[in-house]
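A.B. asks: structural data only, the sequence is not supplied:
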């Protein structure tokens, strides 16, 4: 093999390596952009003005969400948890604080013994009684809990802590105001916010399952003040482990 041939082969190999590197960088950047878009959507749903989310890109791409802006300590912790829960994110931090890793994959849970049907019914009745005639309030168009709902959350937490062994779905619903996709995200964010509030009050996280339904399950038809008030709500659905949920009485909004 003469010198010219070696030179040509070397040039081709170098070009191929450069193309592969550029392609991998492009794919990585698109993935980081996707993570950043999801983080920004969750921040927007929180309703905290001035708070932003960005991904670390320098000196190299990283799957760490950096939050910045004014927020109370409780809101900072809530947004950190939101960011760390995004699939694919490695960790999250506030611009003025240390990075926290994403939650590790939980070990396989031990088999759960279903609670007796009558215990599920009693638990559902206790929760329904706790929220009867009351509402869980959020700032308009956001997942930020209204402080006025704190006493109700305390009461609900006490009721749920008595439901040993039962599973509780925290179901978020919205009215028809806004787009379908935005309402779906909002309902999910509100359900997660209520779960976080209940966890902070001692309800085991393993027994809480947030789920957003958006505007797809309205209680009242159409729009307007009365229909909107009925449709934007949080429902608590108690179920036996490994079985279908029993009917719930939706009261929280």
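C.D. replies: Everything's here; your move. All figures in this text were calculated on a predicted structure; none of them were measured in a lab. Residues are numbered from 1 along each chain as shown.
A.B. asks: which pLDDT value goes with residue 25?
C.D. replies: Predicted confidence (pLDDT) for residue 25: 40.
A.B. asks: which stretches of the stretch 151-253 of the chain form helices?
C.D. replies: Ranges of helices in the stretch 151-253 of the chain, per DSSP state H, counting those that start in this stretch, are 180-200, 225-231.
A.B. asks: now what about the last one, what contacts it?
C.D. replies: Which is helix 225-231. For helix 225-231, the external contacting residues (Cβ atoms under 8 Å, 6 or more residues apart in numbering) are 173, 174, 175, 176, 177, 215, 218, 219, 220, 221, 253. All C-beta atoms are positioned from the backbone trio N, CA, C, and that covers glycine.
A.B. asks: quick one: distance of that helix to the chain centre.
C.D. replies: 24 Å (Cα atoms, centre = their mean, to the nearest Å).
A.B. asks: same check on the longest one?
C.D. replies: Using Cα atoms, centre = their mean, we find the averaged C-alpha position of helix 180-200 to lie 6 Å away from the chain's own average C-alpha position.
A.B. asks: of all the residues in it, which ones are buried?
C.D. replies: 182-198 (16 or more other Cβ atoms under 10 Å).
A.B. asks: one more: the last one?
C.D. replies: Residues of helix 225-231 classed as buried: 227, 228, 230, 231 (neighbour count, 16+ other Cβ under 10 Å).
A.B. asks: for these, which one is nearest residue 83?
C.D. replies: residue 231 (29.0 Å; Cβ to Cβ).
A.B. asks: what are the buried residues along stretch 47-61?
C.D. replies: 47, 48, 51, 53, 55, 56.
A.B. asks: and those residues, which two are furthest apart?
C.D. replies: Using Cβ to Cβ, the two most remote members of the buried residues of stretch 47-61 are 47 and 56, lying 25.0 Å apart.
A.B. asks: surely residue 153 touches residue 136?
C.D. replies: Yes. Using Cβ atoms under 8 Å, residue 153 makes contact with residue 136 at a distance of 6.9 Å.
A.B. asks: re the thing from before, could I get the contacts of helix 225-231 as CSV with distance to residue 142, neighbour count and pLDDT?
C.D. replies: Formatted as CSV, the contacts of helix 225-231 follow (distance: Cβ to Cβ, whole Å; neighbours: other Cβ atoms under 10 Å; pLDDT from 0 to 100):
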residue, distance to residue 142, neighbour count, pLDDT
173, 15, 26, 95
174, 12, 27, 94
175, 14, 22, 93
176, 17, 18, 91
177, 13, 15, 88
215, 16, 20, 92
218, 20, 19, 92
219, 21, 14, 90
220, 22, 13, 89
221, 25, 10, 88
253, 14, 21, 56
